[in-house]
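Peer 1: Below is the sequence, then the predicted model.
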Amino acid sequence: MTYVARDIVETRRAVAEARTAGKTVGLVPTMGALHEGHLSLVRASAADCGYTVVSVFVNPTQFGPGEDLERYPRGLENDAKLAGDAGAELIFAPTTDTMYPAGYATYVEVERLTDGLCGARRPGHFRGVTTVVTKLFNICKPDAAYFGQKDAQQAVIIKRMVRDLDLDIEIRVLPTVREPDGLAMSSRNEYLSAEERLQATCLYRALQRAEELYAERVRSVGRIIAEMTAIVEAERDTRIDYISAVDAEELSPIEEITAPALVALAVFVGETRLIDNVVLG
Ligand code: PAF
């Protein structure tokens with residue numbers, strides 16, 4: 001039976017016991033509403049590490065005004081069952097007051113890498129992510145932490161934060177898990193109506209077109225983005241937030257693909273904002 005800890009002291013105690021028993025510790029940070037994408041991370045951690053902690057916390061500091069903080073799907077009991085079945089030993093599910101008690105004043109910020117893509121569209125989002133992830137690292141003290149490639153910018157930022165702050169944690173980034181029709185798994189897919197769900201495959205189709213063009217030796221970012229835009233705009237209920245190609249490590253804008261490039265997009269399908277990406281080259 002997976003143990004659900006609500007507070008920091010009991011989480012630290014459980015992790016310390018696992019360490020005393022000679023186990024390595026893996027952490028899978030999540031906001032809950034677990035799907036196959038999260039569970040692939042839990043399984044990887046359980047395969048690599050003797051003790052796996054899954055954190056479940058809908059982190060308010062990474063949501064902007066008017067975003068879906070209140071609406072974000074929550075279901076701790078089901079998450080604990082799914083995570084346990086996938087190999088987690090401990091669920092850390094703190095309350096907001098536990099993570100951000102009255103008087104809370106400290107934030108972690110990564111510069112430059114947070115300027116573009118989702119960082120430009122969701123001001124303050126990554127500051128909230130890096131702050132909560134640092135806190136989760138300090139509480140759970142993992143040897144390794146697992147993140148999904150679907151949140152590619154988040155993964156690059158967290159890797160850089162770990163490097164810059166000399167945190168002794170290995171960051172492992174696992175491939176995006178997709179529905180059979182290519183839609184990237186996301187807790188937010190639950191918001192889509194049946195009609196929107198069909199249209200939502202345009203993100204993956206646009207990325208596939210980018211891959212095809214790259215395979216045909218097209219290197220012009222302008223051409224690739226133009227073709228992706230046409231695919232997304234062909235759907236009735238879509239609104240492009242951004243479609244961009246950036247250097248895969250520095251996340252700086254590029255015009256030609258000459259080194260590994262992250263091609264990423266964020267698209268509103270109805271009211272639901274979805275993201276996805278591929279790396280070319
Ligand atoms: O990727 C997420 O679900 C969140 O951004 C994370 C890493 C759990 C931090 O709240």
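Peer 2: Arrived safely.

Peer 1: helices or strands up against the strand or helix carrying M228?
Peer 2: Per DSSP states H and E, M228 falls inside helix 221-233. Counting contacts by 3 or more C-beta pairs under 8 Å, 6 or more residues apart in numbering; DSSP states H and E, helix 221-233 packs against helix 202-215, strand 238-247, strand 261-269. For the C-beta atoms, the positions are set from N, CA and C on the backbone; glycine is no exception.

Peer 1: what's the closest of those to T52?
Peer 2: In terms of C-beta to C-beta, the element of the helices and strands packed on helix 221-233 nearest to T52 is strand 261-269, at 28.3 Å.

Peer 1: which residues sit in contact with the residue of the stretch 51-200 of the chain found nearest the ligand?
Peer 2: Closest approach between the stretch 51-200 of the chain and the ligand, counting by C-beta to the nearest ligand atom: N59, at 4.0 Å. N59 makes contact with 31, 99, 128-129, 132, according to C-beta atoms under 8 Å, 6 or more residues apart in numbering.

Peer 1: now, which of these lie close to the ligand?
Peer 2: With C-beta under 6 Å from any ligand atom as the criterion, the contacts of N59 include 31, 129, 132 near the ligand.

Peer 1: Which residue lies closest in space to the second one, excluding its sequence neighbours?
Peer 2: Yep, that's V129 we're talking about. Ranked by C-beta to C-beta, 6 or more residues apart in numbering and with sequence neighbours excluded, the top spatial neighbour of V129 is Q62, at 4.9 Å.

Peer 1: thinking again about what came up before, most neighbours among the ones next to the ligand among the contacts of N59, please name it.
Peer 2: Each of the ones next to the ligand among the contacts of N59 was scored for neighbours by other C-beta atoms under 10 Å, and V129 scores highest at 26 neighbours.

Peer 1: send the alpha carbons of the helix or strand containing it over as PDB?
Peer 2: V129 belongs to helix 125-140 when assigned by DSSP H and E. The C-alpha trace of helix 125-140 is given here as PDB (Å, rounded to 0.1, in the frame of the first residue of the first chain):
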ATOM      1  CA  HIS A 125       5.200  30.600 -14.700                       C
ATOM      2  CA  PHE A 126       8.700  29.200 -14.600                       C
ATOM      3  CA  ARG A 127       9.600  31.200 -11.500                       C
ATOM      4  CA  GLY A 128       6.800  29.200  -9.800                       C
ATOM      5  CA  VAL A 129       8.000  25.900 -11.300                       C
ATOM      6  CA  THR A 130      11.600  26.400 -10.300                       C
ATOM      7  CA  THR A 131      10.700  27.500  -6.800                       C
ATOM      8  CA  VAL A 132       8.400  24.600  -6.100                       C
ATOM      9  CA  VAL A 133      10.800  22.000  -7.700                       C
ATOM     10  CA  THR A 134      13.700  23.400  -5.500                       C
ATOM     11  CA  LYS A 135      11.500  23.000  -2.500                       C
ATOM     12  CA  LEU A 136      10.500  19.400  -3.500                       C
ATOM     13  CA  PHE A 137      14.200  18.600  -4.000                       C
ATOM     14  CA  ASN A 138      15.000  19.900  -0.600                       C
ATOM     15  CA  ILE A 139      12.200  18.000   1.100                       C
ATOM     16  CA  CYS A 140      12.600  14.700  -0.700                       C
END
